[in-house]
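Enquirer: Coordinates only, no sequence provided:
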Ligand code: ADP
Ligand code: ZN
């Protein structure tokens, strides 16, 4: 079965290897068993049932909650040459009858249905007569009443177990928490299912969270490095969605607004444009998201703070589904914290519910103020342990300074106390810095003992301090009044001098992070631009001809590989990841023509090799494979290995961090090097024993490690 699956993977889907647990999952359901698949967005869930659907002789029924999603998937499958259909209310009577006829003639491999449609008695009766081999339940977390996507219709899917006892079922979701998982198993009767839980890390996303300073300028700086990229910008309110979209358009940056208050046509139009055009930015409230299958969203930016880490993870997760580098970028400030706390306390619901929400917000704030690796913190919240700092977030690559804020915090707390616990940050800062203005004089606060005791810090630093105190709940916000600050219960130990406080030093505009740090998402180099645009233009034309979104023709990752590999004929083209037999036949020649017309980019200029080595070390430590690193750094695999070997022999990187070699193989290679005495033999002299199974680069790395260990003499 495995060979057959691999063959289909290549010939139909155009991929060389399975990702993560795909092979095991496919094996499980092809042998007639149930499976529950928990995989992050972009992990490759669809393949887990689409490939079996192609392999199995009969029909696969896919339950999916959104019509837009279904249509996208059907279009993608048709492009691959797999016959698929979706039955939904947007079809005419005739179209529906046509699909029913094709189903009876066994001409369809995958049928997509909304849950409410599936469980209609007439539909169930119809399906009983078809040779169904598999049920796939997508977005299975919709069955959970605790989640935010609860769909009552999903509850009825449990009956499939009784109605079709012999048909295996696979449920898939990108929501991993334990409670949801248990609810899925129970409500969908999946007690017999094997659970496949993947890591929820999204290694291609670069996380950055910066204190809000001048958000529009910060946003423009961020976007300036991402011209032509598609992205989503999340704002809290409809008003700020509209003003931000307008502001960007005014600056010549193509941006569209999206929120629940727009009329239906405009909303649908904007969404459609975002999916179908390249390089558009959607400025949106959280109403925009579910069902956005666009794989090449290059960044998600937050101008306002999400309410929880769950929301942050889900929203940022819409970036980089294609596995190519993408950015999650956020600015946040004191005002956000105040606003959210206010909204929370004014929200409906009982005290218990509010307390839960409060904790969620605190976890979000803790991530913002985190001084260690963001990815470690984020995953830890979801009970996943990332042993090493990731090397691919702002905290890992910038120097994060901390300072002892104990004394300053106590001054701030006293100022709040002495002024009667009713003033906001601006006024408190005036008092602390000893600014004798009208308001201070009117209240007589220039006579307080705290007046002017905080001159050692500047305004910027005081704001940062107050923000961190609120974020840590050492200060409460008077949410009924005008946002005045009050002492909270938890600040007592600090006031009494029993605890100390380590704070994050904000980067001021002068001490800004190095530019290169945030350029993680630049896909193509300047000299590759022309060819890249030519490939995208062709893709857009083909997409229009076929009435599908461009990424259904080919994802960005496939275009990028064409650009880098420069296939010369159809055979070469067939080797590109994502080019299956059908697409090769349909589009191969057209893309070859474009590749031949535009002059190939010149060889890459060599950046400072020390910088390259540094980047490599961080990526390798973050657990990326040499292949992934070569994609990320846009340099050849050979170069990656050579840089790795240099880093290893220089003691900058351990062999274990660099490569994931089976122990036995590693032992064999080491033995080969250590045979004989004197100098280590060259790679060339032992390569024959190991190639082609082992990349030559691997041998260089092992040799470098031995060299580092024994100083060159064995
Ligand atoms: P999910 O539904 O889990 O968010 P998708 O099924 O949309 O993820 O897959 C994400 C991307 O990864 C798609 O572009 C898909 O074609 C691609 N993909 C899936 N499996 C593989 C594989 N084995 N090799 C290469 N690309 C893959
Ligand atoms: Zn990190």
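Expert: Arrived safely, thanks for sending. Just so you know, these numbers come straight off a predicted model, no measurement behind them. Ligands and ions are numbered 1, 2, ... in the order given.
Enquirer: Return the distance of residue 574 relative to residue 11.
Expert: Computed as Cβ to Cβ, to the nearest Å, the residue 574 to residue 11 distance reads 9 Å. (Glycine included, C-beta is placed from N, CA and C.)
Enquirer: so what's in contact with the two at the same time?
Expert: residue 581 (Cβ atoms under 8 Å, 6 or more residues apart in numbering).
Enquirer: The residue of the stretch 151-300 of the chain found nearest ligand 1 and residue 533, how far apart?
Expert: When distances are taken as Cβ to the nearest ligand atom, the stretch 151-300 of the chain approaches ligand 1 most closely through residue 295, which lies 4.9 Å from it. Spatial separation of residue 295 from residue 533 under the definition Cβ to Cβ is 19 Å.
Enquirer: Mind checking which of these two has more residues around it?
Expert: Neighbour tally, residue 295 and residue 533, criterion other Cβ atoms under 10 Å: the higher count belongs to residue 295, 20 against 14.
Enquirer: check contacts around that one.
Expert: For residue 295, the contact set (Cβ under 8 Å, 6+ apart) comprises 42, 321, 322, 551, 555, 556.
Enquirer: Give me the three-state assignment for it.
Expert: coil (DSSP: H, G, I helix; E, B strand; the rest coil).
Enquirer: Let's see the pLDDT reported for it.
Expert: In this model, residue 295 is scored at 89, pLDDT.
Enquirer: before we move on, what about residue 502?
Expert: Residue 502 is assigned a pLDDT of 88 by the prediction.
Enquirer: Ok, residue 495 next?
Expert: Residue 495 is assigned a pLDDT of 86 by the prediction.
Enquirer: Assess the claim that it and residue 407 are in contact.
Expert: No. Taking Cβ atoms under 8 Å as the definition, residue 495 is not a contact partner of residue 407, at 11.8 Å.
Enquirer: what's the residue nearest to the spatial centre of the chain sitting at in phi/psi?
Expert: Against the mean C-alpha coordinate of the chain, by Cα atoms, centre = their mean, the closest residue is residue 317 at 3.2 Å. With angles defined as degrees, to the nearest 10, residue 317 shows backbone torsions of phi -70, psi -10.
Enquirer: Do I have it right that it meets residue 39?
Expert: No. Because the distance of 11.5 Å does not satisfy Cβ under 8 Å, residue 317 is recorded as not touching residue 39.
Enquirer: Can you check which residues contact both of these two?
Expert: By Cβ under 8 Å, 6+ apart, the residues touching both residue 317 and residue 39 are residue 174.
Enquirer: what about the residue in the stretch 101-250 of the chain positioned nearest to ligand 2, which SS state?
Expert: In the stretch 101-250 of the chain, the residue found nearest to ligand 2 is residue 207; the distance is 7.2 Å by Cβ to the ion. With three-state DSSP as the basis, the three-state label of residue 207 is strand.
Enquirer: In the stretch 201-350 of the chain, what residue spans correspond to helices?
Expert: Assignment of helices within the stretch 201-350 of the chain using DSSP state H, counting those that start in this stretch yields the ranges 215-224, 238-250, 264-276, 309-316, 334-346.
Enquirer: what's the most buried one of those helices?
Expert: Counting by mean count of other Cβ atoms under 10 Å, helix 309-316 has the highest mean neighbour count of those, with a mean of 21.
Enquirer: Tell me if I'm right that residue 483 and residue 340 touch.
Expert: No. With contacts defined as Cβ under 8 Å, residue 483 does not count as touching residue 340, sitting 12.0 Å away.
Enquirer: so, in contact with ligand 1 or not, stretch 614-630?
Expert: No. Counting by Cβ under 6 Å from any ligand atom, ligand 1 is not contacted by stretch 614-630; separation bottoms out at 11.3 Å.
Enquirer: That stretch spans what distance, first to last residue?
Expert: 14 Å (Cα to Cα, to the nearest Å).
Enquirer: What mean pLDDT does that stretch get?
Expert: The average pLDDT within stretch 614-630 is 80.
Enquirer: Give me the buried positions along it.
Expert: Applying a neighbour-count criterion of 16 or more other Cβ atoms under 10 Å, one finds 614-624, 626, 628-630 buried in stretch 614-630.
Enquirer: what does that stretch contact?
Expert: In this structure, residues lying in contact with stretch 614-630 by Cβ under 8 Å, 6+ apart are 203, 388-392, 396-397, 632-633, 636-637, 639-641, 643-644, 647, 652-653, 657-660, 695, 697.
Enquirer: In helices, which of those residues appear?
Expert: In this view, the contacts of stretch 614-630 that belong to helices under DSSP state H are 396-397, 632-633, 637, 639-641, 643-644, 647, 657-658, 697.
Enquirer: Just the buried ones among these, please.
Expert: Buried subset of the ones in helices among the contacts of stretch 614-630 (neighbour count, 16+ other Cβ under 10 Å): 396-397, 632-633, 639-641, 643-644, 647, 657-658, 697.
Enquirer: With distance to ligand 2 added, can I get those in CSV?
Expert: Shown next, in CSV, are those (distance: Cβ to the ion, whole Å):
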residue, distance to ligand 2
396, 3
397, 8
632, 15
633, 17
639, 24
640, 21
641, 24
643, 21
644, 20
647, 19
657, 14
658, 18
697, 26
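Enquirer: The chain against ligand 1: which residues are in contact?
Expert: Along the chain, the residues adjacent to ligand 1 under the rule Cβ under 6 Å from any ligand atom are 15, 18-19, 22, 39, 41-47, 295, 321-322, 555, 577.
Enquirer: same thing but at 8 Å, please
Expert: By the rule Cβ under 8 Å from any ligand atom, the part of the chain lying against ligand 1 is 9, 13, 15-19, 22, 39-47, 138, 172, 174, 293, 295, 321-323, 551, 555, 557, 577-578.
Enquirer: Just the buried ones out of those, please.
Expert: Under a neighbour-count criterion of 16+ other Cβ under 10 Å, the subset of the residues of the chain next to ligand 1 counted as buried comprises 9, 13, 15, 18, 22, 39-47, 138, 172, 174, 293, 295, 321-323, 551, 555, 557, 577-578.
Enquirer: how about the residue nearest to residue 437 when sequence neighbours are not counted, secondary structure?
Expert: Spatial nearest neighbour of residue 437, excluding adjacent residues (Cβ to Cβ, 6 or more residues apart in numbering): residue 430 at 6.3 Å. Here residue 430 takes the helix state, with states given by three-state DSSP.
Enquirer: Could you report the separation of residue 430 from ligand 2?
Expert: Distance check for residue 430 against ligand 2: by Cβ to the ion, to the nearest Å, it reads 38 Å.
Enquirer: for that residue, what are its contacts?
Expert: 437, 439, 440.
Enquirer: out of those, which are buried?
Expert: Among the contacts of residue 430, the ones that count as buried (16+ other Cβ under 10 Å) are residue 440.
Enquirer: Which residues of the stretch 301-450 of the chain lie near ligand 2?
Expert: 373, 375, 389, 390, 393, 396 (Cβ under 5 Å from the ion).
Enquirer: Adding pLDDT, write these out as a markdown table.
Expert: What follows is these, written out as a markdown table (pLDDT from 0 to 100):
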| residue | pLDDT |
| --- | --- |
| 373 | 94 |
| 375 | 97 |
| 389 | 93 |
| 390 | 92 |
| 393 | 95 |
| 396 | 92 |
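Enquirer: give me the element residue 618 is part of.
Expert: helix 609-621 (DSSP states H and E).
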